[in-house]
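>>> Below: sequence and its predicted model.
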Amino acid sequence: MEKRRTNEILLFQKRKLVFTAAAAVVILLYGMASFVTEYDTLLGLSSFPKAFKWIIVNMVPNAKALERLPNILKKLTETALLSVAVTVCAAICAFFFALLGSKTTRVNPVLAGSVRVVAAFFRNVPDVVWAILLMFSFGQNVLTGFFAMFLTTFGLLTRTFIETIDEVSNDCVEALHAAGANYMQTVFQGILPSSISEVITWILFMIETNIRSSTLIGILTGTGIGYLFDLYYKRLDYPSASLVVMSIVILVILLETISGGIRKVIL
């Protein structure tokens with residue numbers, strides 16, 4: 001009993017030492033970053049009250065901003081529909097690519113490795129970077145935003161679908177093979193039913209993510225709700241710009257609530 005108590009004390013002291021060392025490293029890194037960037041912590045903290053006061057005075061929607069609400073809702077609807085279209089198209093392509101990259105359903109090890117590399121590449125390049133690159137070819141239009149979000153969404157969903165398919169029980173696949181099922185029958189009668197709930201969950205998550213991303217991409221491409229925000233902000237029409245932000249926040253919260261309810265049903 002005494003030995004056990006001693007071990008618990010030593011473990012507690014070890015954890016305390018690790019926590020202290022980690023906190024010291026974080027504080028040291030923060031101090032170095034503040035010194036290099038010449039950031040004044042006290043000045044930054046003291047500016048918070050002034051910033052909140054400015055927001056309350058300038059960012060509250062007024063009557064003129066509310067007159068623009070129908071146009072804002074129209075652009076917001078366009079942005080939401082674009083995000084849904086991008087996510088659905090990317091999800092369909094990603095699922096079939098994931099079949100080639102998964103250990104459970106791969107056709108060739110080299111092809112599976114290539115799919116994983118391609119997915120990692122598209123996933124790790126931000127959609128904003130894709131938008132900047134694609135603007136040189138397509139210009140500032142909806143197509144640029146579509147492809148920018150598509151590439152990033154495709155890479156992320158391919159990776160997550162590969163992991164989802166890998167988690168499917170091999171017994172199910174082996175049973176279908178033993179019954180004489182071909183590749184596509186195995187996929188649609190074994191793999192898809194077993195992983196459909198996770199697939200839908202990731203699709204819903206990406207729709208929410210793409211709505212947020214499309215706002216920033218819209219500023220670059222001059223389309224959708226991002227264009228309206230950029231327009232109002234540059235015109236110093238802060239009440240209208242704040243109404244755009246509020247609309248986006250409400251839409252994202254609404255979609256998150258709906259998707260949460262759907263997840264509870266399917267999981």
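Received the coordinates, thanks. Numbering: from 1, shown residues only.
>>> how close does the residue most central in space within the chain sit to residue 216?
Residue closest to the mean C-alpha point of the chain, counted by Cα atoms, centre = their mean, is residue 209 at 4.0 Å. From residue 209 across to residue 216, the span is 12 Å (Cβ to Cβ, to the nearest Å). Every C-beta, even on glycine, is put in place using the N, C-alpha and C of the backbone.
>>> swap in residue 241?
14 Å.
>>> For those two, indicate the residue with more neighbours.
residue 241 (22 against 17; other Cβ atoms under 10 Å).
>>> Pull the contacting residues for the more buried one.
59, 229, 232, 233 (Cβ atoms under 8 Å, 6 or more residues apart in numbering).
>>> out of those residues, which one sits closest to residue 121?
residue 229 (30.4 Å; Cβ to Cβ).
>>> Wait, that closest one touches residue 215, no?
Yes - at 6.8 Å, residue 229 counts as touching residue 215 under the criterion of Cβ atoms under 8 Å.
>>> so where's the chain uncertain?
Scanning the chain for pLDDT under 70 picks out 1-10, 12, 169-174, 176-183, 185, 266-267.
>>> how far away is residue 16 from residue 23?
Relative to residue 23, and taking Cβ to Cβ, residue 16 is found at 11 Å.
>>> try residue 259
When residue 259 is compared with residue 23 (using Cβ to Cβ), they lie 37 Å apart.
>>> Which other helices and strands does the helix or strand residue 85 falls within contact?
For residue 85, the host element (DSSP states H and E) is helix 69-101. Where contact means 3 or more Cβ pairs under 8 Å, 6 or more residues apart in numbering; DSSP states H and E, helix 69-101 is packed against helix 109-124, helix 142-166, helix 192-221, helix 224-234, helix 238-266.
>>> Show me what counts as buried in that helix.
Residues of helix 69-101 classed as buried: 72, 75-76, 78-80, 82-84, 86-87, 90-91, 94-95, 97-101 (neighbour count, 16 or more other Cβ atoms under 10 Å).
>>> quick one: residue 262 and residue 203 touch, right?
No - taking Cβ under 8 Å as the definition, residue 262 is not a contact partner of residue 203, at 10.1 Å.
>>> Surely residue 39 touches residue 31?
No - when contacts are counted by Cβ under 8 Å, residue 39 is not listed as touching residue 31 (10.3 Å).
>>> ok, then the element right after the helix or strand harbouring residue 15?
Element membership for residue 15 (DSSP H and E) is helix 2-37. Next along the chain after helix 2-37, taking DSSP H and E as the criterion, comes helix 41-58.
>>> Contacts for that next one next, please.
Applying Cβ under 8 Å, 6+ apart, the set of residues contacting helix 41-58 is 34, 238, 239.
>>> Looking at these, which one is closest to residue 250?
So of these, ranked by how close each gets to residue 250 (Cβ to Cβ), first place is residue 239, at 16.4 Å.
>>> Now that closest one: closest residue in space that isn't a chain neighbour?
residue 65 (4.0 Å; Cβ to Cβ, 6 or more residues apart in numbering).
>>> Only alpha carbons, please: show the helix or strand containing that neighbour as CSV.
Assigned by DSSP H and E, residue 65 belongs to helix 63-67. Taking C-alpha atoms only, helix 63-67 is exported to CSV below (Å, rounded to 0.1, in the frame of the first residue of the first chain):
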residue,chain,number,x,y,z
ALA,A,63,-32.3,51.2,-41.5
LYS,A,64,-30.2,51.7,-44.6
ALA,A,65,-28.5,48.4,-44.1
LEU,A,66,-31.8,46.5,-43.6
GLU,A,67,-32.9,47.8,-47.0
